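S.K.: sequence plus predicted model, see below.
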Amino acid sequence: MKTRVRFAPSPTGPLHIGGLRTALFNYLYTKKGKGTFILRVEDTDQNRYVADSEEYIQEALEWCGMVPDEGPKNGGAFGPYRQSERKAIYKDHIEQLIQKGGAYYAFDSNEVLTEARTKAEKEGQTFKYGAHNRMAFKNSLSLNEEETIKALNDNYVIRLKVNSGETVTVHDEIRGTVRVETAELDDKILMKGDGMPTYHFANVVDDYLMKISCVIRGEEWLPSLPLHKLIYSAFGWDTPKFMHLPLILKPSGKGKLSKRDGDKDGYPVFPLSWGKDTPGFREMGFLPQAMINYLALLGWNDGTENELFTLRELESKFSVDGVQKGGARFDYEKAKWVNHQKITQTDTQELLEFKSVKENLMDHPTEKHALLVDLVKERLYTMNDLKSELTFIHSPFPYDEKVLEKLKGKDPIRILSKIKEELERSPRLSKEDLMAWAKENGVPVGALMQSFRLALVGKLTGPDLFQICNLLGKDLSLMRINNLIEFINLKLT
Ligand code: GLU
């Protein structure tokens with residue numbers, strides 16, 4: 001059987017990184033088996049439909065380099081790939097199922113169902129419409145043919161007929177075998193009153209018709225698996241393989257990672273921005289290769305301690321054995337660390353192509369961009385750090401008061417005058433010469449470097465000082481040294 005997998009998001013808003021992780025694991029699964037990666041848009045729930053969401057999903061996949069082989073944008077032999085465009089297919093299949101006796105029409109009003117539900121709840125039970133009580137309701141099993149034909153003029157739904165007293169057994173590649181008694185299941189609605197299929201029905205029909213060989217999705221769908229198996233069986237179809245991926249958990253405490261967690265602690269949970277106020281990883285200065293690498297670590301490892309992978313490496317290393325059962329905890333600091341590693345490993349010219357890099361370098365002349373990135377690259381955790389790392393280029397002010405305090409009594413003026421003298425002599429300042437001078441004259445190296453850094457940068461952090469000095473050039477460096485001398489003369493004396 002050919003490897004064919006699908007990523008099947010519902011366009012109900014931006015794609016959560018949990019969804020993107022599902023897409024990634026699907027994508028990686030196909031790459032090893034030289035299979036097909038399909039994007040299927042599950043848009044049958046019109047109430048939850050959000051415009052722009054499909055485009056967002058497509059863009060997020062493309063940003064990460066996971067271009068679907070088949071999907072709404074680029075088509076394919078198994079389309080259409082939007083469920084809203086497949087209504088005729090579902091209609092045809094639900095009719096087949098009714099013919100086979102696997103499904104039936106149900107005509108019960110909302111009032112009747114609500115009453116039955118309330119009664120069950122009063123008795124401390126969960127209401128289930130199924131084998132034990134379906135004959136007491138109004139449906140094509142309890143009515144005769146004539147009554148049924150008449151009732152079909154009104155509103156109705158179509159339900160799956162779940163037989164009692166059977167055990168449903170399904171295998172999940174990660175979780176193992178799942179067994180459920182049919183008595184625990186109800187006659188789920190497959191087709192709604194508006195003629196739209198429910199998620200469960202459309203999902204199974206499409207997975208079958210699109211020849212999906214392995215269904216890879218989030219763990220939240222595991223409870224639906226027995227129901228899906230029953231739908232496959234009702235049609236007489238073989239099931240594909242199933243793989244339910246571990247949840248992505250909040251950084252601490254219980255529960256799934258949510259947008260609210262991100263809003264509260266200032267980190268993104270979406271790959272791209274959604275509206276003006278919700279930046280995504282991309283806008284927060286992440287490289288797509290870091291996004292992918294970090295997502296891969298959320299629930300998978302290659303059996304070693306290695307945590308850094310390129311997409312190509314992931315494609316060849318990914319295997320089901322490496323997927324963990326337990327939830328994967330989201331860790332923004334770790335994501336930033338991965339991003340930092342990727343930034344330092346990426347060629348500067350390549351970095352300059354990224355939109356976030358261009359935006360953060362906008363205040364600097366284009367011909368200096370490569371030099372500037374080279375200067376601070378090792379210090380960046382996100383590309384947005386570029387801005388703060390480079391503020392000293394424009395000005396070293398205000399001077400860090402604490403550093404001024406530290407320099408008291410260490411004769412910074414003498415040090416700065418010496419640096420000035422050296423710089424005037426040769427624009428390429430020699431670190432060795434300065435050190436030698438400090439040693440000979442009993443000047444602590446710390447005080448030398450701190451005075452110099454304060455003059456050029458205004459604080460003690462930043463990239464290599466001698467590189468900064470070269471970048472600023474002789475005149476600007478001299479001016480900054482003079483400024484600090486003047487400032488100290490005014491302030492410390
Ligand atoms: N439309 C479902 C979702 O958005 C897909 C679940 C599945 O992959 O079967 O989660």
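M.R.: Okay, I see it. Keep in mind the model is a prediction, meaning the values are calculated, not measured.

S.K.: quickly note the distance from the residue in the stretch 251-400 of the chain that the ligand sits nearest to to residue 22.
M.R.: Shortest the stretch 251-400 of the chain-to-the ligand distance, computed as CB to the nearest ligand atom: residue-wise this is residue 256, at 12.7 Å. All C-beta spots, glycine's among them, are computed from the backbone N, C-alpha and C. Distance from residue 256 to residue 22, counting by CB to CB, to the nearest Å: 13 Å.

S.K.: which of these two has more neighbours?
M.R.: Taking other CB atoms under 10 Å, residue 256 and residue 22 do not tie; residue 22 has more neighbours (24 against 16).

S.K.: could you measure from that one over to residue 330?
M.R.: To residue 330, residue 22 is 15 Å away according to CB to CB.

S.K.: for the helix or strand of the chain with the lowest mean pLDDT, buried residues please.
M.R.: Of all helical and strand segments in the chain, the minimum by mean pLDDT, DSSP states H and E falls on helix 355-360, at a mean of 88. Within helix 355-360, the residues that qualify as buried by neighbour count (16 or more other CB atoms under 10 Å) are 356, 357, 360.

S.K.: which residues does it contact?
M.R.: Applying CB atoms under 8 Å, 6 or more residues apart in numbering, the contact partners of helix 355-360 are 282, 283, 285, 351, 352, 373, 383, 384, 386, 387.

S.K.: and the residues you listed as TSV, adding pLDDT and neighbour count?
M.R.: Formatted as TSV, the entries for the contacts of helix 355-360 read as follows, by pLDDT from 0 to 100; neighbours: other CB atoms under 10 Å:
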residue	pLDDT	neighbour count
282	96	23
283	94	19
285	95	24
351	96	23
352	96	15
373	96	24
383	95	26
384	94	18
386	94	24
387	91	14
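
S.K.: take these and write them to CSV, including secondary structure and distance to the ligand.
M.R.: Supplementary listing: these in CSV, determined by DSSP: H, G, I helix; E, B strand; the rest coil; distance: CB to the nearest ligand atom, whole Å:
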residue, secondary structure, distance to the ligand
282, coil, 22
283, coil, 24
285, coil, 28
351, helix, 34
352, coil, 37
373, helix, 39
383, coil, 30
384, coil, 30
386, helix, 36
387, helix, 36
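
S.K.: would you list the phi and psi of the residue of the stretch 201-350 of the chain found nearest the ligand?
M.R.: In the stretch 201-350 of the chain, no residue comes nearer to the ligand than residue 217, which is 3.4 Å away by CB to the nearest ligand atom. Main-chain torsions, residue 217, degrees, to the nearest 10: phi -150, psi 180.

S.K.: same thing with the one 10 residues further on?
M.R.: The phi/psi pair for residue 227 (degrees, to the nearest 10) reads phi -60, psi -40.

S.K.: and the stretch 151-300 of the chain, which residues reach the ligand?
M.R.: Applying CB under 6 Å from any ligand atom, we find that the stretch 151-300 of the chain lies next to the ligand at 203, 217, 221.

S.K.: now residue 473, what's its secondary structure?
M.R.: At residue 473, secondary structure determined by DSSP: H, G, I helix; E, B strand; the rest coil is helix.

S.K.: excluding chain neighbours, what is closest to it?
M.R.: Once flanking residues are discounted, residue 473 sits nearest to residue 427: 7.5 Å by CB to CB, 6 or more residues apart in numbering.

S.K.: confirm that that neighbour sits in a helix.
M.R.: No. Secondary structure assignment places residue 427 outside any helix; it is coil (three-state DSSP).

S.K.: tell me how far it lies from residue 153.
M.R.: In this view, residue 427 and residue 153 are 93 Å apart by CB to CB.

S.K.: more neighbours: which of the two?
M.R.: A direct count of neighbours by other CB under 10 Å for residue 427 and residue 153 places residue 427 higher, at 14 against 7.

S.K.: quick check, the more buried one in contact with residue 475.
M.R.: No. Taking CB atoms under 8 Å as the contact criterion, residue 427 and residue 475 are not neighbours in contact, 9.2 Å apart.

S.K.: tell me where the stretch 1-150 of the chain has helices.
M.R.: For the stretch 1-150 of the chain, the helices defined by DSSP state H, counting those that start in this stretch cover 17-32, 53-63, 87-100, 110-122, 145-151.
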